[in-house]
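Trainee: here's a sequence, model it:
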Amino acid sequence: MNTTRRNRTKRIATRKVADGYRVTGQRKTYHSFSGAFNAAWRACAETGADLYAITPEGKWVVLLTADAIREYERTHASA
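Mentor: All right, here's what the predicted structure looks like:
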């Protein structure tokens with residue numbers, strides 16, 4: 001049996017930085033929150049992580065759970 005454990009990100013967040021917005025695990029800086037949100041959404045849909053926002057005080061605030069994102073992707077899949 002393979003005992004190697006693969007770490008998986010459970011939380012992906014958008015956060016404000018000096019010159020825009022950043023997404024957890026990405027190096028790109030987005031100029032708008034909507035761009036960062038869309039990138040974070042895609043990352044969550046791919047990994048099954050929950051989507052959070054990080055406040056200026058450093059608090060993690062849940063925006064959408066992985067189940068809600070999965071449900072939306074399932075019901076709004078475009079052909």
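
Trainee: tell me which stretches of the chain form strands.
Mentor: Remark: strands assigned in the chain by DSSP state E are 11-17, 20-23, 29-30, 50-54, 60-64.

Trainee: which residues touch the last one?
Mentor: Same thing as strand 60-64. The contact list for strand 60-64 (Cβ atoms under 8 Å, 6 or more residues apart in numbering) reads Arg11, Ala13, Trp41, Cys44, Asp50, Leu51, Tyr52, Ala53, Ile54, Thr55. Where C-beta positions appear, they are placed from N, C-alpha and C, glycine not excepted.

Trainee: okay, the residues you listed in TSV with pLDDT, neighbour count and distance to Asp67 next?
Mentor: TSV is the format used below for the contacts of strand 60-64 (pLDDT from 0 to 100; neighbours: other Cβ atoms under 10 Å; distance: Cβ to Cβ, whole Å):
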residue	pLDDT	neighbour count	distance to Asp67
Arg11	93	14	14
Ala13	95	21	18
Trp41	95	19	14
Cys44	94	27	11
Asp50	96	20	9
Leu51	96	23	11
Tyr52	96	20	15
Ala53	94	18	18
Ile54	93	16	21
Thr55	92	11	23
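
Trainee: out of the residues you listed, who's nearest Asp19?
Mentor: Nearest to Asp19 among the contacts of strand 60-64 is Ile54, at 16.2 Å by Cβ to Cβ.

Trainee: and for Pro56, the neighbour number?
Mentor: Look at Pro56: counted by other Cβ atoms under 10 Å, it has 7 neighbours.

Trainee: from Ala53, how far out is Arg15?
Mentor: 7 Å (Cβ to Cβ, to the nearest Å).

Trainee: rewinding a little: nearest to Thr75, of the contacts of strand 60-64?
Mentor: Trp41 (14.8 Å).

Trainee: neighbours around Ser34, how many?
Mentor: 11.

Trainee: that should have said Arg74, apologies.
Mentor: Counted with other Cβ under 10 Å, Arg74 comes out at 8.

Trainee: what helices or strands is the lowest-mean-pLDDT helix or strand in the chain leaning on?
Mentor: Using mean pLDDT, DSSP states H and E, helix 66-75 stands out as the lowest-scoring helix or strand of the chain, at a mean of 92. For helix 66-75, the elements it packs on are helix 33-47, judged by 3 or more Cβ pairs under 8 Å, 6 or more residues apart in numbering; DSSP states H and E.
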